[in-house]
Every structure is written in structure tokens, then in C-alpha cells.
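1. give me coordinates for this.
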Amino acid sequence: MTDQVDTNSEAAAGTEEQQAAQFAIQKIYVKDISFEAPNLPEMFNIEYKPQVKMEMNSKSRQVADDRFEVVLSVTLSAEIEEKTAFLAEVQQAGLFFVQGFNDQQKHQLLGAAAPESLYPYVREAISSLIGKTGFPAIQLAPVNFMGLYMERMRQAQAEAEGASAAEAGSETVQ
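-> Predicted coordinates:
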């Protein structure tokens with residue numbers, strides 16, 4: 001009977017590992033919000049066919065053990081006949097609890113999963129701001145944050161490889 005394996009202790013060890021890895025939203029809040037419509041009410045006399053541009057980025061910082069603030073910033077601008085119809089800027093933030101992940105996994109969670117969690121709040125805030133001006137509300141399209149994250153990682157890797165190749169090529173032998 002000495003060859004028996006204690007499956008209960010193995011299951012408990014596996015459960016502890018699974019419980020150790022946690023990713024949770026603790027708080028969601030607006031960090032900054034700005035809206036400008038400098039050419040109202042004159043813009044209401046022009047046919048509403050705006051040229052809309054969107055810029056988006058996110059950043060994260062550790063604020064305590066296992067707690068990170070992630071800020072998703074979105075700037076939406078619209079022009080009609082080369083005049084600014086509106087400019088909306090929203091910084092939606094969240095406090096995230098991240099525990100039990102390796103550095104690469106944590107980087108991916110903070111760079112893709114957290115901004116993806118914040119994006120619906122940004123969409124609602126921008127739509128609400130624009131709707132209050134009298135312009136038709138704009139619904140921002142869904143964003144593939146994991147795809148954007150992977151593309152940024154590929155670009156960073158390519159830049160690092162390019163820098164390494166440039167350094168290797170610039171070395172001189174004496």
C-alpha cells in the first residue's frame with residue numbers, strides 16, 4: 001500500500017495554483033473628460049457629413065502590490081468643411097487586481113484585456129457627449145485589443161532586431 005498516490009493533495013495543489021492567478025476589476029472611473037464644439041451653432045447650417053478621426057492609447061502603472069491603474073485614452077475629432085465640429089477626449093481608467101501571472105501574462109492583461117474592459121465605458125461617454133450637442137450620436141466600432149496588442153509586440157520586436165543589427169553593423173574591429 002505504499003505505492004498509493006494521495007490524489008487529494010495533488011488536487012489541492014492544483015487548486016491553489018488556479019486560485020493564485022487572479023485578474024479582477026476593482027474600480028472603474030473617469031480620470032479626465034473634455035469636450036469642445038467651437039463652431040456651434042453655425043455648424044447646424046451645414047450638411048452633417050463629418051470627417052471623423054479617432055486616436056487611442058492606453059497606459060498602466062502599478063499603484064500597490066498586485067494593483068494596477070490602466071488608463072484608456074480616446075480622442076475623437078470631427079471636421080465638416082475643414083471646420084472643427086467637435087473634439088471629445090475621454091480618459092477612462094480602472095483599478096485592476098492582478099496576481100499570480102508571470103510578467104509576460106501580466107503585460108498582456110494590462111495591455112489588452114484591461115483596455116478592452118474599459119472600452120465600452122469610453123464608447124458610452126463619447127456617444128453621450130456628442131448627443132448632448134445636438135449632433136447625431138456616434139457609435140464607435142468595436143476594437144480588437146488583443147490584435148492591437150500583438151501588432152505592437154511585433155513592431156517592438158522588429159525595432160529591437162533592427163537596432164541589434166544596426167549595432168552589430170556599426171562595430172569596428174581594431
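2. and for stretch 51-70, what's in contact with it?
-> 26, 71-80, 93-99, 110-111, 114-115, 118, 138, 140, 143 (Cβ atoms under 8 Å, 6 or more residues apart in numbering). Where C-beta positions appear, they are placed from N, C-alpha and C, glycine not excepted.
3. mind checking the SS state of the most centrally placed residue in the chain?
-> Closest to where the C-alpha atoms of the chain average out (Cα atoms, centre = their mean) is Pro115, at 2.9 Å. Secondary structure assignment for Pro115 (DSSP: H, G, I helix; E, B strand; the rest coil): helix.
4. quick check: nearest residue in space to it, chain neighbours excluded?
-> Excluding the flanking residues, the one nearest Pro115 by Cβ to Cβ, 6 or more residues apart in numbering is Ser58, at 4.2 Å.
5. for that neighbour, name its beta-bridge partners.
-> Per DSSP bridges, the residues bridged to Ser58 are Leu72.
6. got a list of what the nearest residue to Gln22 once chain neighbours are set aside touches?
-> Setting aside the residues directly before and after it, Gln22 is nearest to Gln99 in space (Cβ to Cβ, 6+ apart), at 4.8 Å. Neighbouring residues of Gln99 by Cβ under 8 Å, 6+ apart: Ala20, Ala21, Gln22, Asp66.
7. need the per-residue pLDDT for the residue nearest to the centre of the chain.
-> What the model reports as pLDDT for Pro115 is 98.
8. many thanks, we can stop here.
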